[in-house]
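[1] Pasting the sequence and the predicted coordinates here, then a few questions.
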Amino acid sequence: MTKQEFQELTQKGVVLLDGATGSNLRKAGMPVGISTELWALEHPEVILNLQRGYVEAGSQIIYAPTFSANRIGLAMHGLADRLTELNTKLVALSKEAADGRALVAGDITTTGKVLEPNGDMTYETLIEVYKEQISVLAEAGADLLVAETMLAVDETTAVLDAAQAVCDLPVMCSLTLEADGSLLYGGHVTEAVETLQAMGAAAVGLNCSVGPDQLTAVVRSMKQVAEVPVIVKPNAGLPVMDNRGMAHYNMSPESFADSMKRLVEAGAGIVGGCCGTSPEYIRTLAEAVHSC
């Protein structure tokens, strides 16, 4: 997919993303503390059923389950030598699930390493880490890229620099933030929007964070400075943990969709769900968005 084709897609109306991956894999039996990417590959029927559910619900873009499949993330599970295999096969699974009815985004996230001078990760090293994963995702046939659940602007710009060095795919960028729009590592999301769109991001916004009922003012502030589509992919409210360590989210599909509809009216142009959402949430969201 070219950047021009992405722009044309977003100009046709609100674009619908998918919902959560990790929380649904947990419900399907994935243990805590293991590589989500490896578990998804070893249980292909689970990820295929989930992503087919999103496509049937109306998702126009689904995220390949390659979230932490960078060298640093995989090394935590002793899987760094399987980087090419995991990214390639997981994109192939998502392409199979999409079956030409949705685009597949290669999913990228933070490495968890803090950049200098606050940490020991250099910007140049981080770019190389992202270039490695992005090269494989592009070669595997990802239609576009998404850097999601990013914690800071500088690590997100590293994704953009890396992507521009190895491919021409459009890159969506979404950060996790507080309800007032402040980023977890300092700064405000409006500053992030301005910086990232200037760096070439095809769309900028937020994911994870809090529920959509708390984000109207933040979305309005992003829309005021945005020259690219605003992404909003929040959780289904705030989680409550049970005695088995499972998170339960407090928003129903209907209340989630009602709040998301207000965020579309506030300026969101690309929408979906994060933790706690499922194909049912996306189906209800699609109905709400199409009524706008």
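    The structure has been received and is ready for your questions.
[2] So which residue is smack in the middle of this structure?
    By Cα atoms, centre = their mean, the mean C-alpha position of the chain lies nearest to E148, the distance being 3.9 Å.
[3] Describe which strands the helix or strand where that residue lies pairs with in its sheet and in which direction.
    Secondary structure from DSSP states H and E places E148 in strand 144-150. Here strand 144-150 has these sheet partners by DSSP bridges: strand 103-108 (parallel), strand 171-175 (parallel).
[4] what's in contact with the helix or strand that comes right after it?
    Counting by DSSP H and E, the element after strand 144-150 in chain order, helix or strand, is helix 153-166. Contacts of helix 153-166 with the rest of the structure, by Cβ atoms under 8 Å, 6 or more residues apart in numbering, involve 108, 110-111, 115, 123, 126-131, 134-135, 138, 145, 147, 150, 169, 171, 173, 175, 183, 187, 191-192, 195-196, 199-201. Every residue, glycine included, has its C-beta placed from N, CA and C.
[5] and what of stretch 109-118?
    For stretch 109-118, contacts defined as Cβ under 8 Å, 6+ apart pick out 67-68, 70, 72-73, 119-123, 126, 129, 147-152, 154-155, 158, 185.
[6] CA atoms of it as CSV?
    Coordinates of the C-alpha atoms in stretch 109-118 are reproduced here as CSV (Å, rounded to 0.1, in the frame of the first residue of the first chain):
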residue,chain,number,x,y,z
THR,A,109,5.8,-1.4,19.8
THR,A,110,8.3,0.0,22.3
THR,A,111,11.3,-2.1,23.1
GLY,A,112,11.0,-1.2,26.8
LYS,A,113,14.5,0.3,26.7
VAL,A,114,14.9,4.0,27.7
LEU,A,115,16.8,6.2,25.3
GLU,A,116,19.8,8.3,26.4
PRO,A,117,20.4,10.4,28.4
ASN,A,118,17.8,8.9,30.7
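[7] Kindly reformat the strands paired with strand 144-150 as JSON lines containing mean pLDDT, mean neighbour count and distance to S221.
    Shown next, in JSON lines, are the strands paired with strand 144-150 (pLDDT from 0 to 100; neighbours: other Cβ atoms under 10 Å; distance: least, Cβ to Cβ, whole Å):
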{"stretch": "strand 103-108", "mean pLDDT": "98", "mean neighbour count": "27", "distance to S221": "25"}
{"stretch": "strand 171-175", "mean pLDDT": "98", "mean neighbour count": "29", "distance to S221": "14"}
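[8] Thanks a lot, catch you later.
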